[in-house]
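> prediction below, plus the sequence it came from.
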Number of protein chains: 2
Amino acid sequence: MFSEISGGVTSPGGFLASGIHCGVKKTKKDLALVCSTVPAVASAVFTRNKVPAAPVMVDRLQLSSSSRMRAVLVNSGNANACTGERGLNDAWSMVIETAAALGIPSKEILIASTGVIGQYLPIGKISAGIKLAASALSPDGSSDAAQAITTTDTFVKEVAVRFSLGGASVTIGGMAKGSGMIAPNMATMLAFVTTDAAVTPDVLRHALKHSVDRSFNRISVDGDTSTNDMVVVLANGLARNDPICTTEGPAYDAFYEALEYLLVKLAKMIVTDGEGATKFVEVKVIGAASEETAVQAARAIANSNLVKTAIHGEDANWGRILAAVGNSGISFDPAGVEIWIGDVQILRRNYCIGFSEEDARRALSHKELTITVNLNEGNASAAFWTCDLTKEYVAINANYRT
Amino acid sequence: MFSEISGGVTSPGGFLASGIHCGVKKTKKDLALVCSTVPAVASAVFTRNKVPAAPVMVDRLQLSSSSRMRAVLVNSGNANACTGERGLNDAWSMVIETAAALGIPSKEILIASTGVIGQYLPIGKISAGIKLAASALSPDGSSDAAQAITTTDTFVKEVAVRFSLGGASVTIGGMAKGSGMIAPNMATMLAFVTTDAAVTPDVLRHALKHSVDRSFNRISVDGDTSTNDMVVVLANGLARNDPICTTEGPAYDAFYEALEYLLVKLAKMIVTDGEGATKFVEVKVIGAASEETAVQAARAIANSNLVKTAIHGEDANWGRILAAVGNSGISFDPAGVEIWIGDVQILRRNYCIGFSEEDARRALSHKELTITVNLNEGNASAAFWTCDLTKEYVAINANYRT
C-alpha cells in the first residue's frame, strides 16, 4: 500500500526544517525547528513519568487550547527537567520567541528538550539560536533537524513513506532521538512526525495512540523512562485527500498502516542505537492467551538484565528467558513453553533441550536476532524490541553529566 | 536486647552442619547439610516466580504435610530448574537419600539447589556426596556449609545473634548465598536460619514472613528473580524457653527483633556481594504518605540502571533519582522533593540545587553510601538496599554458563 522513500520531516508537502548549533552543546547541532507553511492538525503522546519536564507541561497546555499547530522547536543538550518555575519560564520563552521569529501566533508552537536533567537552559543562547533556525528553514532541512535533536545517538534517525489515497499522493515523514532511558509504557523518547494528509484531530489522536502502543511502547533499552518523552504529529492537509474523518474504512487503514510502519521503523532504529548496544533483538511471544499477556511476557524478557547480558555473551541461556517469563506475572504452564533463537529451537515442550550449542552460538552471533517464545496457551502474539546490555552501556551512563 | 556473636547455623544448640565437594562444581565445595538433633518447627518462604525449580516444588509439598523438619540439604552449581519430570525425580532422590543417610523419616527433609538453570543434576555424584556430608556433620560445620551453598559469591555469608528470653539463652544462626538475580517481591535468594528457640509453627511463620518482607524483599541487585529462591527457618526448641505462642508481647518482640536483624544483615551482605558491585547503597525514602509508597519509591530508585550506573561513576545525577521516583507509580509533588547523598543535600525543595560538586563527589566516593529522598508527603519511611551497576556485572553475566 505504501512505499518507503528517502527523506524525513520535510518530505510531506508544506514542511520546512532546520537544525543549527546555538551553544547548548559545545560544537554539535543542538536546535531543530520544524514548521508547516499552513496550520496543521496536531496530536501528541507524552511521558507518564510523574516528573514531567517543563516543555512537556507547556505542550500539554498548548494542545489543550488548540489542536492546530504550526511549528515545533527542539533543543538537545539540556532537558529543562526538574528546573521548577525558572524552567517553566524558559520553556515559555522558547514558545514566544519562536512565534516572534516565525511571525505566527504563540499558541501554535510546540517545544521539546532533551539532555541533562536538572540544569537551567542557557536561554540567551537559545534565543539567538531561534532566529538563526528560523532563517535557516528549508525544504531540505530534515537531516539537519534530525541531527540537532540527538544526544548520545550514534546515527541520525529519519524515515519517510508515501502512499495514494483516492487520487492524492500522501507522505508521512518522521525523525526521532533515542539511545538510553528507553522503556515502554509511555512515549519513551522524542519523535516528530509530519504528514500532508488531511485528517481530523480525533482520528489523528486515535491513530497516534494506537501506533505508539505498537511501536515506541514496545521497545526497551534500560527499562527507565524519561521526564521528557514525547511523540508529536503534525498533519497539514496539503495532500488534498478527502479528509480522513473516521477510524474505520480503507482511507484510515491505509494511513494507519503507513504511520505504524514509520513509527516501528523509528523505534527499531532507537533500539539499534541503544547505548553501548551491539545487538538488536526482536522478542516474539506467540501462542499467548491474549495480546496483553504476550506483551507482558515479551516486555519481561526484553527488560531482563540477565537475558540482555547473556545475549551480549552469545550464551544460549534459555533458563533466563523462561525465568523472565516466570517473573512477568502472567499465568502459564512452563512445561508447555518452546523457545527459538533465530531458527534454532533451544527449548522444546517438557523442558526438552538437546540443541547443538554450535547452532545456538551461530544463531546468537548475528547482529540482529529474534528470540521466539511459544507459550502454547492460545493464539495471540506480540513483538517487542530490545538490545543487549554491554560494558559500554555502563561506561556511557556512569559519567553522563561530566 | 540481643547481641551478635560469631558463628552461623550451628551456633544454636542442637544443630550440626557440613559442607563438602561432591563434583557438581569442578573443585569447590558444592553440597551443604544442616541437621537438627531433634525435630524442629520449620517454616519457609519461596520464590513467586511462575517457573519454580524442582526443589521448591518438593519443599512446598513437604511443608504442606509436616511442620517439623530435621535437615536441609543444599547443592550449588546446578539449580535443578526447568528440568521437568526428571528434575523432580532427582529432587525426590535427594530427599530420600538424605533421609537414609541420616536415619530419619524422609518427610522431615527439605532440599535446595542453586546454580545453572536447565541442566540435569549429576545425581550420582550428589548421592555419593550425601553420604559424605552426613558423615562430616559437626557442631563446627557452619562455615563449611555456608561455603558450599555459594555460586558467584565472593565471600561466605553467615551471622549469629543471641538474646535472653525469661531465663533461657536463645540463639539464632543463619547463612545465605546471593550475588546476581536478587530482586524484591519474593524470597529472592537462598537463606537458611536455625534457632533453638521454642516457638509454635504459626508464630514462626508470621515472624518469618514479616522479617523477609523487611529484609530480603528490600534488596535489589539486577531486578530479576530466580526460580530457586527460598528462606528456610528451623526452630528446635532446645533453648527451653517458654514456647512463644503468640505474635504479641515481649517474648515475640525479642525474637522478632533478633530475627529481623539477622535477616537484614544477611540481605545487606548479599547486596555488598552483588555481581561486580563496588558500592553498597542504602536508599532511604522518608516523608512518604505510607510505608507502601515509601517502599515503592525506594524500589524504583534501587532498580534503576541509570541511577546504579551514575552511582558507579560517582556522578551526583539527582535528576535520575527524581525521575526514578517519577516512574515508580506513586503520587507526589516533585517540587517538594529533597535529596541527600550521605549528609550532602543535593536537592532542596522547588528544585533548588546549588550543592558543591566537590562535596557531592566526596559523598559518592565512599564504598558504602546512603541516598535519602524526602518526599515531604507524610511521615512514613522505608529503607531499601542495592549496589552499583558495573562493567564487571556485564562481564560476569555475559558468560555465566560457560
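Cool, the structure landed.
> ok, which stretches of the stretch 1-150 of chain A are helices?
Using DSSP state H, counting those that start in this stretch, the helices of the stretch 1-150 of chain A run over A:54-65, A:84-102, A:123-135, A:142-148.
> let me fix that, I meant to ask about the stretch 201-350 of chain A.
Using DSSP H, counting those that start in this stretch, helices in the stretch 201-350 of chain A cover A:201-213, A:250-272, A:291-303, A:305-312, A:318-327.
> can these go into a markdown table with extra columns for mean neighbour count?
C-beta coordinates here come from the backbone N, C-alpha and C atoms, glycine included. Output for those, formatted as a markdown table (neighbours: other CB atoms under 10 Å in any protein chain shown):
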| stretch | mean neighbour count |
| --- | --- |
| helix A:201-213 | 19 |
| helix A:250-272 | 21 |
| helix A:291-303 | 23 |
| helix A:305-312 | 27 |
| helix A:318-327 | 28 |
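> right, so of the helices of the stretch 1-150 of chain A, which gets closest to residue B:268?
helix A:84-102 (35.8 Å; CB to CB).
> shaky segments in the stretch 201-350 of chain A?
A:221-226, A:275 (pLDDT under 70).
> what residues does it have near chain B?
Within reach of chain B by CB under 8 Å from any CB of the partner chain, the stretch 201-350 of chain A has these residues: A:222-227, A:303-306, A:309-310, A:312-313, A:315-320, A:322-328, A:330-332, A:334-335, A:347, A:350.
> which of the helices of the stretch 1-150 of chain A is buried the deepest?
Burial of the helices of the stretch 1-150 of chain A is given as mean neighbour count (mean count of other CB atoms under 10 Å in any protein chain shown); helix A:142-148 ranks first at a mean of 26.
> can you give me how far it is from the chain middle?
Distance of helix A:142-148 from the chain centroid (CA atoms, centre = their mean, to the nearest Å) equals 16 Å.
> over to stretch A:364-374?
22 Å.
> cool, and stretch A:136-155?
With CA atoms, centre = their mean, you get 15 Å for stretch A:136-155.
> would you mind writing the CA trace of it as CSV?
Provided in CSV are the C-alpha atoms of stretch A:136-155 (Å, rounded to 0.1, in the frame of the first residue of the first chain):
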residue,chain,number,x,y,z
ALA,A,136,17.7,28.5,8.0
LEU,A,137,14.3,26.8,7.4
SER,A,138,14.4,24.9,4.2
PRO,A,139,12.5,22.1,2.4
ASP,A,140,15.9,20.2,2.5
GLY,A,141,16.4,20.8,6.2
SER,A,142,15.2,17.4,7.6
SER,A,143,18.6,15.8,8.1
ASP,A,144,19.9,18.9,9.9
ALA,A,145,16.9,18.9,12.2
ALA,A,146,17.2,15.1,12.8
GLN,A,147,20.9,15.7,13.6
ALA,A,148,20.1,18.6,16.0
ILE,A,149,17.7,16.6,18.2
THR,A,150,20.3,13.8,19.0
THR,A,151,22.2,13.4,22.3
THR,A,152,24.2,10.2,22.7
ASP,A,153,22.7,8.8,19.5
THR,A,154,25.4,7.5,17.1
PHE,A,155,23.3,7.9,14.0
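> any part of that stretch near chain B?
No. Judged by CB under 8 Å from any CB, stretch A:136-155 and chain B are separated, with a smallest distance of 12.1 Å.
> repeat for stretch A:377-384
No. Judged by CB under 8 Å from any CB, stretch A:377-384 and chain B are separated, with a smallest distance of 12.0 Å.
> how is chain A partitioned into domains?
Taking automatic domain parsing as the criterion, chain A consists of the domains A:2-272, A:280-398.
> quick check: residue A:62 vs residue A:95, distance?
7 Å (CB to CB, to the nearest Å).
> between these two, what contacts are shared?
Applying CB atoms under 8 Å, 6 or more residues apart in numbering or on different chains, one finds that residue A:62 and residue A:95 are jointly contacted by residue A:109.
> reformat the domains of chain A as a markdown table; add distance to residue B:81.
Formatted as a markdown table, the domains of chain A follow (distance: least, CB to CB, whole Å):
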| stretch | distance to residue B:81 |
| --- | --- |
| domain A:2-272 | 24 |
| domain A:280-398 | 6 |
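> which stretch among those comes nearest residue B:144?
Nearest of the domains of chain A (CB to CB): domain A:280-398, 28.1 Å.
> how far is the closest one from where the chain is centred?
22 Å.
> which strands or helices does the strand ranked longest in chain A pack on?
Counting residues, the longest strand found in chain A (DSSP state E) is strand A:31-46. The contact analysis (3 or more CB pairs under 8 Å, 6 or more residues apart in numbering or on different chains; DSSP states H and E) places strand A:31-46 against strand A:15-20, helix A:54-65, strand A:68-78, helix A:123-135, helix A:142-148, strand A:190-195, helix A:201-213, strand A:230-235.
> neighbours of residue A:24, how many?
Using other CB atoms under 10 Å in any protein chain shown, the number of residues around residue A:24 comes to 23.
> double-check it against residue A:74; I have them as touching.
No. Between residue A:24 and residue A:74 there is no contact under CB atoms under 8 Å: 11.0 Å.
> whatever helix or strand residue A:175 lives in - contacts with which helices or strands?
Element membership for residue A:175 (DSSP states H and E) is strand A:168-177. On a contact count with 3+ CB pairs under 8 Å, 6+ apart, strand A:168-177 meets helix A:142-148, strand A:157-165, strand A:190-195, helix A:250-272.
> output the ones you listed as JSON lines; include the columns distance to residue B:135.
JSON lines is the format used below for the helices and strands packed on strand A:168-177 (distance: least, CB to CB, whole Å):
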{"stretch": "helix A:142-148", "distance to residue B:135": "71"}
{"stretch": "strand A:157-165", "distance to residue B:135": "66"}
{"stretch": "strand A:190-195", "distance to residue B:135": "66"}
{"stretch": "helix A:250-272", "distance to residue B:135": "56"}
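> surely residue A:384 is within a helix?
No. Residue A:384 sits outside any helix when classified using DSSP: H, G, I helix; E, B strand; the rest coil, being strand.
> identify the residues contacting it.
Applying CB under 8 Å, 6+ apart, the residues near residue A:384 are A:184, A:218-220, A:282-285, A:295, A:298-299, A:301-302.
> one more time with 7 Å
A:218, A:220, A:283, A:295, A:298-299, A:302 (CB atoms under 7 Å, 6 or more residues apart in numbering or on different chains).
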